[in-house]
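*Asks:* The sequence and its predicted three-dimensional model are supplied below.
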Amino acid sequence: MGKRVVSFNTINLFYPMLELLEKLQGMNFQPANDFQAPPIENGYATAIIVQAVTIFESATTRVWYQRHDGASRRFPAAADYFRQISKKRSLCAQIDETVSVRDAVVHSHPYLTEVDWDARGNLTTLRPLRRYPRFGRKRLRRVQAKGQATKKLKLNLVPTRVSRRDVYIAIQSPMPKENRMKPSPEQYVIDPKGKKISVILSVKQHQQMVADLHDLAVAAERREEGPKSLAEMKRRLKEDGIL
């Protein structure tokens, strides 16, 4: 007699999300304007959030299936079901907000405004962004604060403005602080395929690297020298005016 199996692939969904996250962390940082984040960063950030919510929904569906043994009853929305089985109200609210960002992205919620460009070519909005009235479900109205962000996590609800900041907050907010990752301090220049080709360092990092290389060079030059006695070192320090 064959063994009963159920086709859930929740674990498999982690691998592509982690690859996207690694590429996003390696991108050169560019500030967002009032209307949109840098296009490539926005694409990676929204893809990661969509994938993260997909993983959550897949895992929640699996819990529901195990509890009800595949009963024919209709499965509720994953965030709503999680609210039924979890006592952590704050976590439920955070998940609700992250799901709302996913909904705004996959349903292409349009926002209306007027824009112009200053003398330097920077885009600015002339009017506050306004969501097109026919878009936005009950969850969005529940989580949206004043402006175009969520109440607790302050996640962008305007799809074009979603950036790495939203990714770090959405993915890590349910985690204990000691398990949260820190954004990489290195910044990279990548080619169109996402391959790192150069690294960008701050002046402070560059100076520290030069100092470290100098110390290594001095150590290499003196590796054949024998040890100096305490008396010899005191004599040298007195000659140099240090003692």
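*Replies:* Done, it's in.
*Asks:* host element of Asp215?
*Replies:* Assigned by DSSP states H and E, Asp215 falls within helix 203-221.
*Asks:* Export that helix to CSV, keeping only CA atoms.
*Replies:* C-alpha atoms of helix 203-221 as CSV (Å, rounded to 0.1, in the frame of the first residue of the first chain):
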residue,chain,number,x,y,z
VAL,A,203,37.3,57.3,3.0
LYS,A,204,37.5,55.9,6.5
GLN,A,205,37.5,52.3,5.3
HIS,A,206,40.1,53.1,2.7
GLN,A,207,42.4,54.8,5.2
GLN,A,208,42.0,51.8,7.6
MET,A,209,42.8,49.4,4.8
VAL,A,210,46.0,51.4,3.8
ALA,A,211,47.1,51.5,7.5
ASP,A,212,46.6,47.7,7.8
LEU,A,213,48.5,47.0,4.6
HIS,A,214,51.4,49.3,5.9
ASP,A,215,51.5,47.3,9.2
LEU,A,216,51.6,44.0,7.3
ALA,A,217,54.4,45.3,5.1
VAL,A,218,56.5,46.5,8.1
ALA,A,219,55.9,43.1,9.8
ALA,A,220,57.1,41.3,6.7
GLU,A,221,60.2,43.4,6.4
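*Asks:* Report the mean per-residue pLDDT for whatever helix or strand comes next after that helix.
*Replies:* Per DSSP H and E, helix 203-221 leads on to helix 230-239 as the next helix or strand towards the C-terminus. Across helix 230-239, pLDDT averages out at 79.
*Asks:* next one: stretch 155-175
*Replies:* On average, stretch 155-175 scores 82.
*Asks:* Report the buried residues of that stretch.
*Replies:* Going by neighbour count (16 or more other Cβ atoms under 10 Å), the buried part of stretch 155-175 is 155-171, 173. For every residue, glycine as well, the C-beta is placed using N, CA and C.
*Asks:* Same check on stretch 107-121?
*Replies:* Quick answer for stretch 107-121 (16+ other Cβ under 10 Å): 109, 111.
*Asks:* and that stretch, how far apart are its ends?
*Replies:* Its start and end residues considered, stretch 107-121 measures 30 Å (Cα to Cα, to the nearest Å).
*Asks:* Leaving out chain neighbours, which residue sits closest to Ala59?
*Replies:* Thr10 (5.0 Å; Cβ to Cβ, 6 or more residues apart in numbering).
*Asks:* show me the contacts for the one you found.
*Replies:* 55, 58-59, 62 (Cβ atoms under 8 Å, 6 or more residues apart in numbering).
*Asks:* One more: Lys228?
*Replies:* By Cβ under 8 Å, 6+ apart, the contact list for Lys228 reads Arg236.
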